[in-house]
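J.: sequence unknown, structure follows:
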């Protein structure tokens, strides 16, 4: 009864904020959202709810090397933003799996207790369903926190781990005051296309390019759908998940070969607009955070990409791909 009442209240709040919806989303945009790869669905049950997890499963387009790469997306994205990376990896002989985690993209957006443990369990269930014994994990932003949790829970599933500008390299509870869930939900309900675009611009301190617009379109596609209140509630719950479930204290427990790829101009902090003034110069300092993470993860490799913000695989794809292929092809193993 509690869950039903809670969600019913959320829907009512959604109606109150309904007037804040964005204008037509894709007017005057330079590119149109088009997916290169078909999306499939994996049926699973979480908290007695029948749900669907969307995923892309792309076979190698060159001679197969027999290996599979698992791509884990960030909070404001879905598997869609991995598509150029998928194409590249497939050309290198890899099978590639790119799921949309529950609450994101084309997956169900249930009212559940979101946790990185549950996301890791869901991801393992998908891999087991597909008959995939082991993967190389490439994890970006929020996906980096999930990648750490997945690797700690299921080390036998992970051949190698790549963390690309992961969030969670610092404990946000020490930087930010707690934001009540209702307040966070109201903020998510007030989203517009322009707000999403302005936030994504912060990922590219070197300058915005027209080809980045499709990633805003992907995030904003839910705004004009009946799923918007549910999506806003999921977004609020996953914000709370990030805040309450740090992984930074467990980095030293990672036992798999790990590569850190860090865009040096990144200053991302989850909830940055709420940072106290005195902490703004010291939070989200990715050059320092990357080096601390490398020191914590025994035997790890750090690749620093200058002139790059939060998403190297989009902003600096050549440097990102070079680092990934060199690492995946190396002979590193368990420490």
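T.: Great, that's in hand. Owing to the predicted nature of the structure, the values given are computational and were not obtained by experimental measurement. Numbering: from 1, shown residues only.
J.: can you show me the helices along this structure?
T.: For the chain, helices defined by DSSP state H occupy the ranges 2-16, 83-91, 116-129, 142-153, 181-189, 193-201, 213-220, 228-244, 286-296, 312-315, 317-328.
J.: in JSON lines, list the ones you listed along with mean pLDDT.
T.: Formatted as JSON lines, the helices of the chain follow (pLDDT from 0 to 100):
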{"stretch": "helix 2-16", "mean pLDDT": "44"}
{"stretch": "helix 83-91", "mean pLDDT": "98"}
{"stretch": "helix 116-129", "mean pLDDT": "98"}
{"stretch": "helix 142-153", "mean pLDDT": "98"}
{"stretch": "helix 181-189", "mean pLDDT": "97"}
{"stretch": "helix 193-201", "mean pLDDT": "97"}
{"stretch": "helix 213-220", "mean pLDDT": "97"}
{"stretch": "helix 228-244", "mean pLDDT": "98"}
{"stretch": "helix 286-296", "mean pLDDT": "98"}
{"stretch": "helix 312-315", "mean pLDDT": "98"}
{"stretch": "helix 317-328", "mean pLDDT": "98"}
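J.: avg pLDDT for stretch 163-176?
T.: For stretch 163-176, mean pLDDT rounds to 98.
J.: give me the local confidence score for the residue most central in space within the chain.
T.: Residue closest to the average C-alpha location in the chain (Cα atoms, centre = their mean): residue 74, at 1.5 Å. Note for residue 74: predicted pLDDT of 98.
J.: go on, residue 35?
T.: Looking at residue 35, its pLDDT stands at 87.
J.: now for the nearest residue to it once chain neighbours are set aside: which residues touch it?
T.: Closest residue in space to residue 35, ignoring its immediate chain neighbours: residue 80 at 6.2 Å, by Cβ to Cβ, 6 or more residues apart in numbering. Every residue, glycine included, has its C-beta placed from N, CA and C. Residues in contact with residue 80 (Cβ atoms under 8 Å, 6 or more residues apart in numbering) are 33, 35, 105, 214, 215, 218.
J.: quick one: contacts for the closest residue to the fifth one other than its chain neighbours?
T.: Leaving out its chain neighbours, the residue that sits closest to residue 215 by Cβ to Cβ, 6+ apart is residue 81, at 5.1 Å. Residue 81 makes contact with 73, 215, 218, 311, 314 under the criterion Cβ under 8 Å, 6+ apart.
J.: farthest pair in the residues you listed?
T.: Largest separation among the contacts of residue 81 by Cβ to Cβ: 218 and 311, giving 13.1 Å.
J.: comparing those two, which residue is more hemmed in?
T.: Per other Cβ atoms under 10 Å, whichever of residue 218 and residue 311 has more neighbours is residue 311, with 25 against 19.
J.: against residue 144, how distant is the more buried one?
T.: Look at residue 311 and residue 144: by Cβ to Cβ, to the nearest Å, they are 12 Å apart.
J.: overlap in contacts of those two?
T.: Common contact partners of residue 311 and residue 144 (Cβ under 8 Å, 6+ apart): 164, 165.
J.: give me the sheet partners of the longest strand seen in the chain and which way each runs.
T.: Criterion DSSP state E: the longest strand present in the chain is strand 49-58. Take DSSP bridges as the rule and strand 49-58 pairs in its sheet with strand 40-46 (antiparallel), strand 95-99 (antiparallel).
J.: what angle sits between the last one and helix 116-129?
T.: Orientation note: strand 95-99 sits at an angle of 140 degrees relative to helix 116-129 (axes from the mean of the first three to the mean of the last three Cα atoms, to 10 degrees).
J.: before we move on, the earlier item: right, and the helices of the chain - which one's nearest residue 43?
T.: Nearest to residue 43, of all those, is helix 116-129, at 9.0 Å by Cβ to Cβ.
J.: about what we covered before: how many residues are close by the closest residue to the residue nearest to the centre of the chain other than its chain neighbours?
T.: Among residues not flanking residue 74 along the chain, residue 141 sits closest, at 2.9 Å (Cβ to Cβ, 6+ apart). For residue 141, the count of nearby residues is 26 (other Cβ under 10 Å).
J.: right, and residue 141 touches residue 268 too?
T.: Yes. Between residue 141 and residue 268 a contact is recorded at 7.4 Å, counting by Cβ atoms under 8 Å.
J.: okay, and the common contacts of these two?
T.: Common neighbours of residue 141 and residue 268, using Cβ under 8 Å, 6+ apart, are 165, 167, 310.
J.: and the last one, how far from residue 214?
T.: Using Cβ to Cβ, one obtains 17 Å as the distance from residue 310 to residue 214.
J.: the more surrounded of these two?
T.: Using other Cβ under 10 Å, the more surrounded residue of residue 310 and residue 214 is residue 310, with 26 against 20.
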